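A.B. asks: pasting the sequence and the predicted model now:
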Amino acid sequence: MPSLCGKNIVAGKANNKPARFGNVWWQALILTLALMFFGAQDACALQTHGGVEGMVVHQFAHLHYILALGFLLWDLYRPDFVSRPWLLLRCFCVLMILWNILALVGHFAQSGLPEGDIVTEDGYLSAFLLLPLSFGRWVYYVAALDHLLCVPALFCLFLAMRRFYRDSLNSQGLGGRSEKKP
């Protein structure tokens with residue numbers, strides 16, 4: 001019996017032609033586009049928490065994110081991770097943990113406010129808080145400034161990833177931007 005080791009085998013048949021996957025990819029792309037256009041509905045990209053279930057799931061997601069970032073932060077304190085990009089990654093973890101805690105507090109503060117305290121006449125993105133400021137309104141207002149933690153955290157992540165990328169290019173000898181030597 002002749003050996004089939006030197007031949008391409010597709011679906012159990014000996015074949016001298018390479019497998020043709022090009023048509024399958026085009027068919028999958030056409031089918032995906034057709035389903036996207038003909039089965040389109042409202043995307044609901046902004047999640048509102050009108051019901052209790054949505055808020056509970058959302059709060060548990062914040063808690064899960066805090067635990068995941070806490071584990072990553074704990075893992076990054078190994079002696080091998082002492083260079084600058086690892087420090088930036090630790091800063092990202094700390095800032096995102098603080099952001100999640102602030103978001104949890106903000107969601108609880110928002111759920112404690114009466115419905116008319118936040119005015120959204122011109123849409124969700126132009127919401128404002130009515131005066132006078134009580135303690136609950138003040139907590140909600142401070143928690144709404146969560147971007148002051150989230151943006152620096154994402155910037156630290158960007159700097160860490162950029163440094164990891166450049167270091168990998170330099171270690172492979174591909175001529176990434178070289179570091180200044182002291």
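C.D. replies: Thanks, I have the structure now.
A.B. asks: the residue nearest the centre of the chain: what's it in contact with?
C.D. replies: By CA atoms, centre = their mean, the chain has its centre lying nearest to L154, at 9.9 Å. L154 makes contact with F92, according to CB atoms under 8 Å, 6 or more residues apart in numbering. Using the backbone N, CA and C atoms, a C-beta is placed for each residue, glycine as well.
A.B. asks: secondary structure element for it?
C.D. replies: helix 147-172 (DSSP states H and E).
A.B. asks: how close does S168 get to L174?
C.D. replies: Here S168 is placed at a distance of 9 Å from L174 (CB to CB, to the nearest Å).
A.B. asks: quick check: L149 touching I101?
C.D. replies: No: with contact defined as CB atoms under 8 Å, L149 does not reach I101; the gap is 9.3 Å.
A.B. asks: so those two - more neighbours on which side?
C.D. replies: L149 (19 against 16; other CB atoms under 10 Å).
A.B. asks: now do the domain split for this protein, please.
C.D. replies: 10-37, 52-172 (automatic domain parsing).
A.B. asks: and those domains, which one is worst for confidence?
C.D. replies: Note on the domains of the chain: domain 10-37 shows the lowest mean pLDDT, a mean of 67.
A.B. asks: how far is stretch 129-149 from where the chain is centred?
C.D. replies: 25 Å (CA atoms, centre = their mean, to the nearest Å).
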